[in-house]
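> coordinates for the following, if possible.
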Amino acid sequence: MSARAQADALRSLLQLATPPIAIGFRDTPPAGLDRFDHPMPAPSADGRTGRVPAGCVFWTHAIDRAFSTVAEDHANCSVGSYTHGFVPLADAATRGDVAAIVEAGWVAESDFPSIPAVEDAPGSVTYEPLADAQHGDVVLVRLHAAGLMTLLDAWPELAIEGKPQCHIVAMAKQHGRIAASVGCALSRARTGIPVTEATAAIPIALLDEVIERLTRAAAANATVARYAGIDAARFEEVGT
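Numbering: from 1, shown residues only. I've put the predicted structure just below:
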């Protein structure tokens, strides 16, 4: 199945309001793919800056254009830099933004070792609309509740995760698992992703199988919904 056909199928079967994107991990930025070149702001007090506030913000830019990034582009968010393999945990844990979320009680230092991360540091992370993707390892979708329901019906092994949201990308890339996240306050504040949406990360190698399963699950859901609608009509008649 072509990338465009895969994108169209996901949008239809999962009722996506936003097109799916592909995320790729490469040794070097691919030739012919534009570098993300937004200007960097002045550093924070602890020296952090990047092209965007956090790597998850690249998800929103990749809806309609393809680009590559390097470690410094992600560096304002130490958590995302860790989950994407750019910095080791020992470095990320010493930075000011991590200290702030620990102080707030959002996470504990003891939580950090259990957060999934890409093991081999990439030279570049690419972001593309799935329909045109050439470099992807992971597909990221933004889901409403009905889409998440269908994905779980299709893939009962689905891992449903919480914070930080970006670690589902590492789960898909490093461990070959399909994972969804209910989101996290950090990512929602930085990306503007609606509170009605969750995210899911799918290894691109599994995508055709996922679409086959989704097709069956969506058909079954449509069948039972029609049955329930017809059955419920009896109650409407009683009330008239």
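
> number of residues surrounding the residue nearest to residue 170 when sequence neighbours are not counted?
Once flanking residues are discounted, residue 170 sits nearest to residue 116: 4.3 Å by CB to CB, 6 or more residues apart in numbering. For the C-beta atoms, the positions are set from N, CA and C on the backbone; glycine is no exception. For residue 116, the count of nearby residues is 21 (other CB atoms under 10 Å).

> following whatever helix or strand residue 24 lives in, which helix or strand comes up?
Using DSSP states H and E, residue 24 falls within strand 21-26. Sequence-wise, the next helix or strand downstream of strand 21-26 (DSSP H and E) is helix 57-61.

> hmm, who's touching that next one?
Outside helix 57-61, the residues within contact range by CB atoms under 8 Å, 6 or more residues apart in numbering are 21, 36, 52, 67, 69, 73, 125, 127, 140, 142, 190-193, 199.

> how close does the residue nearest the centre of the chain sit to residue 169?
Nearest to the mean C-alpha position of the chain, by CA atoms, centre = their mean, lies residue 140 at 4.3 Å. To residue 169, residue 140 is 7 Å away according to CB to CB, to the nearest Å.

> buried residues, the longest helix belonging to the chain. List them.
Looking across the chain with DSSP state H, the single longest helix is helix 207-239. Within helix 207-239, the residues scored as buried using 16 or more other CB atoms under 10 Å are 207, 210-211, 213-214, 217-218.

> contacting residues around residue 187?
54, 56, 164-166, 193.

> also residue 132?
Counting by CB under 8 Å, 6+ apart, residue 132 touches 3-4, 66.

> of all those residues, which comes closest to residue 222?
Closest approach to residue 222 among the contacts of residue 132 (CB to CB): residue 4, at 24.1 Å.
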